[in-house]
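# Pasting a predicted model and its sequence here:
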Amino acid sequence: MTVFLALAALAIMVSGLAPHWSILLGLFFSLFFPKSIFIKNHGKKISGYLLQVSVVLLGAGLNFQTVLKEGGQGIVLTFFSIGLVFLLGYFLAKIFKISSPLSELIMAGTSICGGSAISAISPILKAESITMATALGIVFILNALAVFLFPPLAHWMELTQQQFGVWAALAIHDTSSVVAACQIYGDEALKIGPMLKLTRALWIIPLTLIFSLKNKNKAKLTYPWFILFFLLVSLLFSLTNELNVLVPYLSKISKTGLSLTLFLIGLNLSKEQLREIGPRPIFFGAILWVLTLTGSLFYVIHFV
């Protein structure tokens, strides 16, 4: 099994397999072949580090002044977006009778940054492992769908590159899937979407503090430190023209790293997770996500 996984990873690196096909390839191996001990023990950690490195390298191709300008505007936009998702989430949780902490984990994953937000607040909410796995499973399923659905829907609606970047950043859960969808749609979308998504991800910090105060919990907080390195790389390449020759190579490495990240994410979505989810949490998470993507789509069509 390990040999096949190594060959699959090598094929992704050599062929430049598109991100949405990478996650399906990983899911195929996960569902139809036994997982290796290495993947069980280290797969999630490796995919997390690989995603962070891939996002940091994206900063090389982005002008620092543009990053600051768009990021500053994005703080306000993402604040209202996150607040609205939580309001809708609490209302829907009562309808579907989804109790805390599962409802709050799904809301955090939908409003901020998917698996990262869920992982950050799970210890604060003292969520059991099956509750965390359920929230992560729902988010990963919807993420996989987003990578497939967003680009063709955007082409059908004739969204501009800028509109698509904003829409993806506001409506797709995980950073990996935002980058993947933007990469499929075009280079300009790839410059806008991940940048705004990182701004959205910064809300992990106040969210963890709010839940800590609410639950009077002193659990260790996790912060997205890689965003700082993303900004530093963008600043370095904006100030040093001599480094611009490296941008195409770093961009290629970043895109390949993203595809490998999604391959590993697919590998970590197990049959057990799918079985344990149940219909009500799926409907809750899916409807909350559909409301999020339609609301953000209305915004980008009329205001971007």
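Everything's here; your move.
# Quick check: residue 122 vs residue 171, distance?
The gap separating residue 122 from residue 171 is 23 Å, by CB to CB, to the nearest Å. Any C-beta I mention is one placed from the backbone N, CA and C, and that applies to glycine too.
# swap in residue 252?
Using CB to CB, residue 252 is found at 27 Å from residue 171.
# Who has more neighbours out of those two?
residue 171 (24 against 12; other CB atoms under 10 Å).
# which residues of this protein score low on pLDDT?
For the chain, applying pLDDT under 70 flags the ranges 1-21, 23, 34-43, 62-64, 66-73, 119-120, 129-130, 215-227, 269-277.
# Tell me which residue lies farthest from the centre of it.
Most distant from the centre of the chain: residue 242, at 32.2 Å, with distances by CA atoms, centre = their mean.
# For that one, give its distance to residue 236.
For residue 242 relative to residue 236 (CB to CB), the value is 11 Å.
# now residue 26
Taken as CB to CB, the span from residue 26 to residue 236 is 33 Å.
# ok, longest helix in the protein?
helix 64-96 (DSSP state H).
# starting at the chain centroid, how far to that helix?
Between the centre of helix 64-96 and the centre of its chain there are 14 Å (CA atoms, centre = their mean, to the nearest Å).
# and if you look at stretch 45-63?
Taking CA atoms, centre = their mean, one finds the center of stretch 45-63 at 12 Å from the center of the full chain.
# Can I get it as CSV, trimmed to CA atoms?
Provided in CSV are the C-alpha atoms of stretch 45-63 (Å, rounded to 0.1, in the frame of the first residue of the first chain):
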residue,chain,number,x,y,z
LYS,A,45,0.1,16.5,10.3
ILE,A,46,1.9,16.3,7.0
SER,A,47,-1.0,17.7,5.0
GLY,A,48,-1.3,20.6,7.5
TYR,A,49,2.4,21.5,7.1
LEU,A,50,2.3,21.0,3.3
LEU,A,51,-0.7,23.3,3.0
GLN,A,52,1.0,26.0,5.1
VAL,A,53,4.2,25.9,3.0
SER,A,54,2.2,26.0,-0.2
VAL,A,55,0.3,29.1,0.9
VAL,A,56,3.4,30.8,2.1
LEU,A,57,5.1,30.3,-1.3
LEU,A,58,2.0,31.9,-2.9
GLY,A,59,3.1,35.2,-1.3
ALA,A,60,6.1,35.4,-3.6
GLY,A,61,3.8,36.3,-6.5
LEU,A,62,1.7,38.9,-4.7
ASN,A,63,2.6,42.6,-4.3
